[in-house]
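> starting from these lines, generate the structure:
(one chain, ligands or ions: 2)
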Amino acid sequence: MQPAQARAILARQHIETPSWAYGNSGTRFKIFADEGVARDAYEKVSDAAVVHRLTGVAPTVALHIPWDQVDDWSDLAKHAADEGVAIGAINPNLFQENEYRLGSVCNPDPAVRRKAIDHLKACVEIAEITKSKQLSLWFADGTNYPGQDDIRARQDRLAAALEETYAVMPEDLTMLIEYKFYEPAFYHTDLPDWGTSLTHCLALGPQAKVLVDTGHHAPGTNIEMIVALLARAGRLGGFHFNSRFYGDDDLMVGAADPFGLFRIMHEIVSADLVTPDGGVAFMLDQCHNIEPKVPALIRSVMNVQEATAKALLVDGEALAAARAAGDVLGANAILMDGYNTDVRPLLAEVREELGLDPNPIAAYAASGHAEKVVAERVGGSAAGWGN
Ligand code: PSV
Ligand code: MN
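Ligands and ions are numbered 1, 2, ... in the order given. Here you go, the predicted structure:
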């Protein structure tokens, strides 16, 4: 694609940031608290708005419920609008309460399943009030020991819960079903892979789609192949971007494997799903344990932009011709030409065309936001896992 065409697409890109990345997080060993960290959903939304103002391509923020519980959802949506952003995906949290020790919607106890399904339905209502377009589901359900529970019965319980939730969804809401091969369950996970997610989506109907979290695969998995298959099936609902060296590390997207991210974006570009009209939600799902959070999110958005720009610059016509001619090395070289292009000047132009500083990281440092929130956000407790 020509640079001018790529620039037009990049200017319309939409990358969603997650509210939980603005709060404190850590490992099971230690949470290192930062100064100036958002204390509630309002402050997280304000931080997300800073990322959007500096990058121009992060206009929505995902919420996690009840981490982001507020008294008045329309007031939070209004706060977002006042800040120049909107509420993105609504993520029901079904993994932090004592009742969920043996799972949520797959729990053997019908009373626990009822509580979990009621929470899913309450989140549909929150999505309606906040005008969110995605209900994003991830279940920590699974077992730790062979024999612990009936795997098939748990699938039936899962299907029933999804069906009851799907039935109350408005037509403009998409249900995203995320999979993860292990953790926190270690023997079996009820939604371990894209095939299981897709099977449930197909049973539910067209408003159910698969969410690919890049950290949720075994090492060496060819994620772009999964992306291609889901795109072909019309069921690629979105991404949780992050990067990993070992497990579900939730590091900044593009930090560990920028080439893998490029290969994913190449499939997205080839399937013509890169713009918001493609209906794929490009979301980040990360934790910033030791690095400052807002600039880490700015850097992450930029990393996605860079991978996208490289994918857009691949010469599609030349690639098709090389493939048709069986030119193995030629086709590979054409793809690598895209990857090896330094797209930073092109993205600087995109930002200038949007009226932004070409260097969002420097603009953030100069903005004084970090110092301002340290001075302002005194008292109360910083948001973090569990609140
Ligand atoms: C689970 O590991 C997950 O990827 C899900 O998307 C959760 O909602 C999120 O992380 C919570 O951090
Ligand atoms: Mn995720």
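> contact residues of this protein facing ligand 1?
20, 91, 138, 178, 180, 213, 240, 248, 285 (CB under 6 Å from any ligand atom). Yep, even glycine has a C-beta here, placed from its N, CA and C like the rest.
> cutoff 8 Å now
Residues of the chain lying close to ligand 1 by CB under 8 Å from any ligand atom are 18, 20, 25, 64, 91, 93, 95, 136, 138, 140, 178, 180, 183, 211, 213, 215-216, 240, 242, 248, 250, 285, 287.
> for ChimeraX, write the select line for the buried members of those residues.
Buried members of the residues of the chain next to ligand 1, defined by 16 or more other CB atoms under 10 Å, are picked up in ChimeraX with:
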select :18,20,25,64,91,93,136,138,140,178,180,211,213,215,216,240,242,248,250,285,287
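> can you narrow the residues of the chain next to ligand 1 to ones near ligand 2?
213, 240, 285 (CB under 5 Å from the ion).
> pLDDT score for the last one?
It refers to D285. For D285, the pLDDT comes out at 98.
> I'd like the average pLDDT over stretch 343-358.
Mean predicted confidence for stretch 343-358 is 98.
> what's next to that stretch, contact-wise?
With CB atoms under 8 Å, 6 or more residues apart in numbering as the test, stretch 343-358 has contacts from 3, 6-7, 10-11, 54-56, 302, 305-306, 309-310, 313, 359-360, 363.
> for the residue in the stretch 1-150 of the chain that ligand 2 sits nearest to, phi and psi?
Residue nearest to ligand 2 within the stretch 1-150 of the chain: W138 (5.7 Å; CB to the ion). Main-chain torsions, W138, degrees, to the nearest 10: phi -130, psi 130.
> just give the closest residue to it, not the sequence neighbours.
The shortest distance from W138 to any non-neighbouring residue, by CB to CB, 6 or more residues apart in numbering, is to E178 (4.1 Å).
> rewinding a little: in helices, which of the contacts of stretch 343-358 fall?
Counting by DSSP state H, the contacts of stretch 343-358 place 3, 6-7, 10-11, 54-55, 302, 305-306, 309-310, 313, 360, 363 in helices.
> can I get the buried part of those as one PyMOL selection?
Buried residues among those (16+ other CB under 10 Å), as a PyMOL selection:
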select buried, resi 3+6+7+10+54+55+302+305+306+309+310+313+360+363
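> widest-spaced pair of the ones in helices among the contacts of stretch 343-358?
L313 and A363 (24.8 Å; CB to CB).
> tell me the one of the ones next to ligand 2 among the residues of the chain next to ligand 1 nearest H200?
D213 (16.1 Å).
> tell me the contacts of that closest one?
138, 178-180, 239-240, 242, 248, 285.
> so what's the residue of the chain found nearest ligand 1 up against?
Among all residues of the chain, W138 sits closest to ligand 1, at 3.8 Å; criterion: CB to the nearest ligand atom. Residues in contact with W138 (CB under 8 Å, 6+ apart) are 91, 178, 180, 191, 211, 213.
> on the three-state scheme, the fifth one is what?
Following DSSP: H, G, I helix; E, B strand; the rest coil, we place L211 in the strand state.
> cool, the third one as well?
At K180 the chain is in coil, as set by three-state DSSP.
> now do the phi/psi pair for the closest residue to it other than its chain neighbours.
In space, and not counting its chain neighbours, K180 is closest to H216: 4.0 Å by CB to CB, 6+ apart. H216 adopts backbone torsions of phi -100, psi 30, taken as degrees, to the nearest 10.
> ok, now which ones touch K115?
E99.
> buried stuff in the helix or strand harbouring it?
Assessed by DSSP states H and E, K115 sits inside helix 110-130. Buried residues in helix 110-130, counted by 16+ other CB under 10 Å: 112-113, 115-117, 119-121, 123-124, 126-128, 130.
> can you redo those residues as TSV with distance to N144 and pLDDT?
Converted to TSV, those look like this (distance: CB to CB, whole Å; pLDDT from 0 to 100):
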residue	distance to N144	pLDDT
V112	17	98
R113	19	98
K115	21	98
A116	19	98
I117	23	99
H119	23	98
L120	24	99
K121	29	98
C123	27	98
V124	31	99
I126	32	98
A127	32	98
E128	37	98
T130	36	98
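> show me which pair in those residues is furthest apart.
Longest span within the buried residues of helix 110-130, CB to CB: V112 and T130, 26.8 Å.
> now do the buried residues in stretch 344-352.
346-347, 349-351.
> thanks a lot, see you next time.
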